[in-house]
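Peer 1: how does the following fold in three dimensions:
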Amino acid sequence: MEKICVEYQITVSDFRQATYYGLFLRHRTALRIMFVVLAVAVIYVIAGSLGLGTINPLVLFLGLAYLIWGLFLFAGAEKGIRAYLRSEGSMIGCTYRAELEAHRIRLEVPERDIHFTTPVHKLTCVFEFSNLFLLYTSLQDVYLLPARCLTQAQRAALRANFRNRLGENFGSRFR
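Peer 2: As a prediction, the model looks like this:
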């Protein structure tokens, strides 16, 4: 892989996508259960209203409880996003510089005096979305790399490099 040098800014949309992905990672089992319960509750209510059975209030209660929990969960995520945008430490709109090599990643945010360098194999994990790479340097720290700053060839080379060096710790829906 040839050295890739890019400069970019993180947008609110990039940050929101990364936040919701983190939310789904942390609560994936509970969210799967919530979606199943909500689907069953909706089907149950439709079947009951069509006269295919009686409506049990317990099913409605469980569906409503999961719906309220989900709304609180997503509202909390939005509240966190808004709080981050208002914070002094917000890096939305800051200029990032990235040097991506086969064996090393260097990220800089000059406005915040951040300089980070690590071997690729030491990344905790990397996830690729249709318009964003999430580079986890630890379980809590992540750098965002928007795909808009990469050419298709650079993106394919980066994907192949992450897949080769990280193995199962690289996730992508692209081949």
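
Peer 1: so residue 47, which of the three states?
Peer 2: Look at residue 47: counting by DSSP: H, G, I helix; E, B strand; the rest coil, its state is helix.

Peer 1: residues touching it, list them.
Peer 2: Shown in contact with residue 47 (C-beta atoms under 8 Å, 6 or more residues apart in numbering): residue 53. No exception for glycine: its C-beta is placed from N, CA and C like everyone else's.

Peer 1: for residue 53, see how far away it is.
Peer 2: 6 Å (C-beta to C-beta, to the nearest Å).

Peer 1: then residue 109?
Peer 2: 59 Å.

Peer 1: the more surrounded of the two?
Peer 2: It is residue 109, of residue 109 and residue 53, that has more neighbours when counted by other C-beta atoms under 10 Å, with 16 against 9.

Peer 1: quick check: residue 51 is in a strand.
Peer 2: No: under three-state DSSP, residue 51 falls outside any strand and is assigned coil.

Peer 1: tell me the contacts of the residue positioned nearest the centre of the chain?
Peer 2: Centroid-nearest residue in the chain: residue 21, 2.7 Å away (criterion: C-alpha atoms, centre = their mean). Applying C-beta under 8 Å, 6+ apart, we find residue 21 in contact with 127, 129, 134.
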